[in-house]
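S.K.: Please find the sequence and the predicted model below.
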Amino acid sequence: KAGVTQTPRYLIKTRGQQVTLSCSPISGHRSVSWYQQTPGQGLQFLFEYFSETQRNKGNFPGRFSGRQFSNSRSEMNVSTLELGDSALYLCASSLAARQVGANVLTFGAGSRLTVL
Amino acid sequence: AQSVAQPEDQVNVAEGNPLTVKCTYSVSGNPYLFWYVQYPNRGLQFLLKYITGDNLVKGSYGFEAEFNKSQTSFHLKKPSALVSDSALYFCAVRDPLNTGFQKLVFGTGTRLLVSP
């Protein structure tokens, strides 16, 4: 079956702009989370969604936001981009809690954002 | 708060030799522990997990890991390394007492280089 699909794969923005990244989870996966990966900070949790509800949020400023749709697809948005937002943004999906295999996250290939 | 330490930035091993990638963790409750691998320009791929049960966990591609509660360690091992094992390896922990299901705390990663 198809994996986690993230679009776009690469994008370049300038400071002050805003960006929207999209994630389509594996069919049947209702939990979606987002992570930021940078050389300096490593992998950091952004947020987690289940059934269109944000279940958990990492320590990021309010410029970072997300949402999940009824078909489990998710988007994240970063407003007023800063140079430090340049990163690989990874989306992961999993089965719902209490389902067999629910603890395993399946990651997409990521969206690489460069802010100039 | 939970944390993960991967003390080695890089591990070098010759093909055919055994390999070990080290990981120690800190969590208030019983940990859920994971190993993921990342190849260039790819997302993270799940290797194995420890939730409960046998301390020796076997995973994908011949990898295994041993959970040691007294030493709070979860080292990744493989009896015979392959050149194709060269990649970036991440240890991660989830605190099951935390709200949210997909929030993992990752280590800084260890680059494994297997020479022919």
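M.R.: Happy to help now that I have it.

S.K.: Residue of chain A closest to chain B, please.
M.R.: Nearest to chain B, among the residues of chain A, is A:Asn56, at 2.9 Å (C-beta to the nearest C-beta). No exception for glycine: its C-beta is placed from N, CA and C like everyone else's.

S.K.: Now stretch B:16-23: buried residues?
M.R.: By 16 or more other C-beta atoms under 10 Å in any protein chain shown, the buried positions in stretch B:16-23 come out as B:Leu19, B:Val21, B:Lys22, B:Cys23.

S.K.: hang on, I meant stretch B:32-39
M.R.: Buried residues in stretch B:32-39 (16+ other C-beta under 10 Å): B:Tyr32, B:Leu33, B:Phe34, B:Trp35, B:Tyr36, B:Val37, B:Gln38.

S.K.: Need the pLDDT of the fourth one.
M.R.: To tie it back to what came earlier, the one meant is B:Trp35. For B:Trp35, the model assigns a pLDDT of 98.

S.K.: Any idea what it is bridged to?
M.R.: For B:Trp35, the beta-bridge partners are B:Leu48, B:Cys91 (DSSP bridges).

S.K.: So B:Asp54 versus chain A, what's the distance?
M.R.: Remark: distance between B:Asp54 and chain A (C-beta to the nearest C-beta, to the nearest Å) = 16 Å.

S.K.: For B:Asn12, give its distance to B:Lys22.
M.R.: Here the criterion is C-beta to C-beta, to the nearest Å. By it, B:Asn12 lies 14 Å from B:Lys22.

S.K.: all strands for the chain, in order.
M.R.: Looking at chain A here, since you left the chain open. A:5-7, A:10-13, A:19-24, A:31-38, A:42-50, A:53-57, A:64-68, A:74-78, A:87-94, A:106-107, A:111-115 (DSSP state E).

S.K.: look at chain B instead
M.R.: Using DSSP E, the strands found in chain B span residues B:3-5, B:10-14, B:19-21, B:24-26, B:32-38, B:44-50, B:56-58, B:64-68, B:73-78, B:87-94, B:105-106, B:110-115.

S.K.: The ones you listed: which one's closest to A:Ile12?
M.R.: With C-beta to C-beta as the criterion, A:Ile12 lies closest to strand B:32-38 of the strands of chain B, at 22.5 Å.

S.K.: what angle separates the closest one from strand B:110-115?
M.R.: 50 degrees (axes from the mean of the first three to the mean of the last three C-alpha atoms, to 10 degrees).

S.K.: and the angle from strand B:32-38 to strand B:87-94?
M.R.: 160 degrees.

S.K.: and strand B:32-38, what does it pack onto?
M.R.: Packing partners of strand B:32-38 (3 or more C-beta pairs under 8 Å, 6 or more residues apart in numbering or on different chains; DSSP states H and E): strand B:44-50, strand B:64-68, strand B:73-78, strand B:87-94.

S.K.: Show residues contacting it.
M.R.: A:103-104, A:107, B:23, B:25, B:44-51, B:59, B:63, B:65, B:67, B:74, B:76, B:87-96, B:104, B:106, B:109 (C-beta atoms under 8 Å, 6 or more residues apart in numbering or on different chains).

S.K.: now stretch B:85-96
M.R.: Here stretch B:85-96 has contacts from A:43, A:103, B:2-4, B:6, B:19, B:21, B:23, B:25, B:27-39, B:44, B:47, B:61, B:74, B:76, B:78, B:103-107, B:109-114, using C-beta under 8 Å, 6+ apart.

S.K.: Fine, thanks again, bye for now.
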